[in-house]
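>>> kindly generate the corresponding structure for this input.
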Amino acid sequence: MDRLLLIYIGIFLIVIGFFLLSLGVITYGIQNKEKVENNIDKKDENKVSFSGIIMIGPIPILIGNSPTLAILSVLILILMILWVYLFYMRVY
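Predicted structure coming up:
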(Lines give C-alpha, C1' and ligand atoms only; values in the text may rest on other atoms or scores of the structure.)
Protein backbone atom coordinates (compact mmCIF):
# COMPACT_ATOMS: atom_id res chain seq x y z
CA MET A 1 0.00 0.00 0.00
CA ASP A 2 2.85 2.40 0.78
CA ARG A 3 4.45 1.94 -2.64
CA LEU A 4 1.17 2.54 -4.42
CA LEU A 5 0.68 5.74 -2.43
CA LEU A 6 4.19 6.90 -3.38
CA ILE A 7 3.45 6.19 -7.04
CA TYR A 8 0.26 8.24 -6.87
CA ILE A 9 2.04 11.09 -5.12
CA GLY A 10 4.82 11.00 -7.74
CA ILE A 11 2.36 11.11 -10.63
CA PHE A 12 0.47 13.94 -8.94
CA LEU A 13 3.67 15.95 -8.48
CA ILE A 14 4.66 15.41 -12.12
CA VAL A 15 1.24 16.63 -13.30
CA ILE A 16 1.43 19.66 -11.00
CA GLY A 17 4.95 20.38 -12.30
CA PHE A 18 3.79 20.33 -15.93
CA PHE A 19 0.85 22.54 -15.04
CA LEU A 20 3.06 25.10 -13.27
CA LEU A 21 5.57 25.06 -16.10
CA SER A 22 2.84 25.65 -18.68
CA LEU A 23 1.31 28.41 -16.57
CA GLY A 24 4.70 30.09 -16.19
CA VAL A 25 5.39 30.02 -19.91
CA ILE A 26 1.96 31.44 -20.71
CA THR A 27 2.19 34.27 -18.16
CA TYR A 28 5.76 35.09 -19.22
CA GLY A 29 4.63 35.31 -22.84
CA ILE A 30 1.68 37.54 -21.99
CA GLN A 31 3.85 39.89 -19.90
CA ASN A 32 6.60 40.16 -22.50
CA LYS A 33 4.25 40.58 -25.44
CA GLU A 34 3.47 44.12 -24.33
CA LYS A 35 7.14 44.90 -23.69
CA VAL A 36 8.19 43.65 -27.11
CA GLU A 37 5.46 45.63 -28.84
CA ASN A 38 6.42 48.85 -27.00
CA ASN A 39 10.21 48.44 -27.14
CA ILE A 40 10.94 47.06 -30.58
CA ASP A 41 13.95 49.36 -31.08
CA LYS A 42 15.49 48.80 -27.62
CA LYS A 43 17.69 45.69 -27.46
CA ASP A 44 19.20 46.24 -23.97
CA GLU A 45 16.09 45.26 -22.00
CA ASN A 46 15.80 41.79 -23.53
CA LYS A 47 18.74 40.17 -21.75
CA VAL A 48 18.08 36.66 -20.47
CA SER A 49 19.99 34.87 -17.73
CA PHE A 50 20.07 31.09 -17.69
CA SER A 51 21.78 28.23 -15.95
CA GLY A 52 21.48 24.48 -16.03
CA ILE A 53 23.17 21.22 -15.17
CA ILE A 54 23.55 18.20 -17.43
CA MET A 55 24.27 14.93 -15.67
CA ILE A 56 26.29 12.39 -17.64
CA GLY A 57 26.54 9.51 -15.25
CA PRO A 58 28.11 10.80 -12.05
CA ILE A 59 29.67 13.83 -13.78
CA PRO A 60 27.71 17.11 -13.65
CA ILE A 61 28.28 19.67 -16.42
CA LEU A 62 27.26 23.23 -15.55
CA ILE A 63 26.11 25.60 -18.29
CA GLY A 64 24.84 29.16 -18.01
CA ASN A 65 25.68 32.83 -18.11
CA SER A 66 24.69 33.95 -14.61
CA PRO A 67 26.84 33.18 -11.55
CA THR A 68 23.94 33.51 -9.12
CA LEU A 69 21.77 31.13 -11.12
CA ALA A 70 24.72 28.73 -11.41
CA ILE A 71 25.03 28.64 -7.61
CA LEU A 72 21.28 28.03 -7.34
CA SER A 73 21.53 25.20 -9.88
CA VAL A 74 24.35 23.58 -7.91
CA LEU A 75 22.31 23.80 -4.69
CA ILE A 76 19.32 22.20 -6.40
CA LEU A 77 21.63 19.50 -7.79
CA ILE A 78 22.96 18.73 -4.30
CA LEU A 79 19.42 18.47 -2.93
CA MET A 80 18.43 16.14 -5.78
CA ILE A 81 21.47 13.92 -5.20
CA LEU A 82 20.68 13.72 -1.47
CA TRP A 83 17.05 12.91 -2.25
CA VAL A 84 18.00 10.09 -4.64
CA TYR A 85 20.57 8.76 -2.17
CA LEU A 86 18.05 8.67 0.68
CA PHE A 87 15.47 6.80 -1.38
CA TYR A 88 18.02 4.48 -2.95
CA MET A 89 19.55 3.52 0.37
CA ARG A 90 16.09 3.45 2.01
CA VAL A 91 17.14 5.82 4.78
CA TYR A 92 13.86 7.54 5.62
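>>> outline the domain layout of this protein.
Domain assignment for the chain, taken from automatic domain parsing, gives 1-46, 48-92.
>>> now those domains as JSON lines including mean neighbour count and mean pLDDT?
In this view, the C-beta of every residue, glycine as well, is placed from N, C-alpha and C. Converted to JSON lines, these look like this (neighbours: other CB atoms under 10 Å; pLDDT from 0 to 100):
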{"stretch": "domain 1-46", "mean neighbour count": "9", "mean pLDDT": "80"}
{"stretch": "domain 48-92", "mean neighbour count": "11", "mean pLDDT": "83"}
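>>> what helix or strand is Gly52 on?
Taking DSSP states H and E as the criterion, Gly52 maps to strand 51-56.
>>> what does that strand contact?
For strand 51-56, the external contacting residues (CB atoms under 8 Å, 6 or more residues apart in numbering) are 60-66, 69-70, 72-74, 76-77.
>>> name the nearest of the residues you listed relative to Ile9.
Nearest to Ile9, judged by CB to CB, of the contacts of strand 51-56 is Ile76 at 20.0 Å.
>>> now the closest one: closest residue in space, sequence neighbours ignored.
In space, Ile76 comes closest to Ile53 once its chain neighbours are excluded; the distance is 7.9 Å by CB to CB, 6 or more residues apart in numbering.
>>> bridging residues for the one you found?
Leu62 (DSSP bridges).
>>> could I get the full set of helices for the chain?
2-38, 67-88 (DSSP state H).
>>> let's have those helices in JSON lines, adding distance to Ser49.
Below are those laid out as JSON lines (distance: least, CB to CB, whole Å):
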{"stretch": "helix 2-38", "distance to Ser49": "14"}
{"stretch": "helix 67-88", "distance to Ser49": "6"}
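>>> check the gap between Thr68 and Leu75 for me.
Thr68 sits at a distance of 11 Å from Leu75 (criterion: CB to CB, to the nearest Å).
>>> centre of the chain to stretch 71-78, how far?
11 Å (CA atoms, centre = their mean, to the nearest Å).
>>> what do you get for stretch 56-76?
11 Å.
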